[in-house]
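Asker: sequence first, then the predicted structure:
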Amino acid sequence: MGDHELLDIEEWELVLNKMLRFHFNVSEEIKAVVQAIRQEMKPELIPLAEDKANFGKVIKKAIREMWSLEYEVDDLQAKFADSIGKMDLDNLDVDFIEDMMLKSKPLQSVLNDIRNRQKAKLEDVKKTYGDAIKDLEPMKVARPPKVVAPAPAEPKAADVPAPAPVAATA
């Protein structure tokens, strides 16, 4: 583990929060342009508003990608917690600890993969937006809960047409 570089969680949060501030600032610029279009009757500003709106979507996409990686870590932590069950701290024994260590081993490679993707995403965001966000004040926003797509509903027996009877052949 000597030369393995770990993800700096504080830097991750700082960059994410600055990206949120950057997105907020772009949104405010869009509002100002739209108000100018309405109040001053300047339709020539419409392309500027559209460009800023598209740029805001790109920023939001980067933020959502960062959140997506955080959701993966949360899911992994939940799986591990479920696998070890509820801990009885008064009766911890060596067997339980050994079992917990064995269960965590496969998850380590998954976590390492997620952390590597987080480091790559962090570097990408810093490279792309670093100059734009370096002097911004971080903006703390609670990450929205992960949206789980509902499973497609199974058709009810009454909704499914009965198969046509097959004529008996001899």
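Answerer: Done, it's in.
Asker: and stretch 104-124, how far out from the chain's middle?
Answerer: Average the C-alpha atoms of stretch 104-124, do the same for its chain, and the two points are 14 Å apart (Cα atoms, centre = their mean, to the nearest Å).
Asker: in terms of secondary structure, what does the lowest-mean-pLDDT helix or strand in the chain contact?
Answerer: Of the helices and strands making up the chain, the lowest-confidence element is helix 94-133, at a mean of 84, by mean pLDDT, DSSP states H and E. With contacts defined as 3 or more Cβ pairs under 8 Å, 6 or more residues apart in numbering; DSSP states H and E, helix 94-133 has these neighbours: helix 9-40, helix 46-84. Any C-beta I mention is one placed from the backbone N, CA and C, and that applies to glycine too.
Asker: closest one to residue 123 among these?
Answerer: Ranking these by distance to residue 123, with Cβ to Cβ as the measure, places helix 9-40 first at 9.9 Å.
Asker: list the buried residues in that closest one.
Answerer: Of the residues in helix 9-40, those buried under the neighbour-count criterion (16 or more other Cβ atoms under 10 Å) are 12, 15-23, 25-26, 29-30, 33, 37.
Asker: so which of those is the closest to residue 114?
Answerer: Sorting the buried residues of helix 9-40 by distance to residue 114 puts residue 12 at the head of the list, at 11.8 Å, by Cβ to Cβ.
Asker: contacts only, for residue 63.
Answerer: When contacts are counted by Cβ atoms under 8 Å, 6 or more residues apart in numbering, residue 63 touches 16, 19, 20, 23.
Asker: any idea of the mean pLDDT for stretch 39-57?
Answerer: Along stretch 39-57, the predicted confidence averages to a pLDDT of 89.
Asker: using PDB, write out every CA atom in it.
Answerer: Listed in PDB are the C-alpha atoms of stretch 39-57, where the atom choice follows Å, rounded to 0.1, in the frame of the first residue of the first chain:
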ATOM      1  CA  GLN A  39     -38.000  44.000 -18.900                       C
ATOM      2  CA  GLU A  40     -35.800  45.700 -21.600                       C
ATOM      3  CA  MET A  41     -37.300  43.800 -24.600                       C
ATOM      4  CA  LYS A  42     -33.900  42.500 -25.700                       C
ATOM      5  CA  PRO A  43     -34.500  39.400 -27.700                       C
ATOM      6  CA  GLU A  44     -30.900  39.400 -28.800                       C
ATOM      7  CA  LEU A  45     -30.000  38.100 -25.300                       C
ATOM      8  CA  ILE A  46     -31.900  34.900 -25.900                       C
ATOM      9  CA  PRO A  47     -28.900  33.000 -27.400                       C
ATOM     10  CA  LEU A  48     -26.800  34.100 -24.400                       C
ATOM     11  CA  ALA A  49     -29.500  32.800 -22.000                       C
ATOM     12  CA  GLU A  50     -29.600  29.500 -23.900                       C
ATOM     13  CA  ASP A  51     -25.800  29.200 -23.800                       C
ATOM     14  CA  LYS A  52     -25.700  29.800 -20.100                       C
ATOM     15  CA  ALA A  53     -28.600  27.400 -19.500                       C
ATOM     16  CA  ASN A  54     -26.800  24.700 -21.400                       C
ATOM     17  CA  PHE A  55     -23.500  25.400 -19.500                       C
ATOM     18  CA  GLY A  56     -25.500  25.100 -16.300                       C
ATOM     19  CA  LYS A  57     -26.700  21.700 -17.400                       C
END
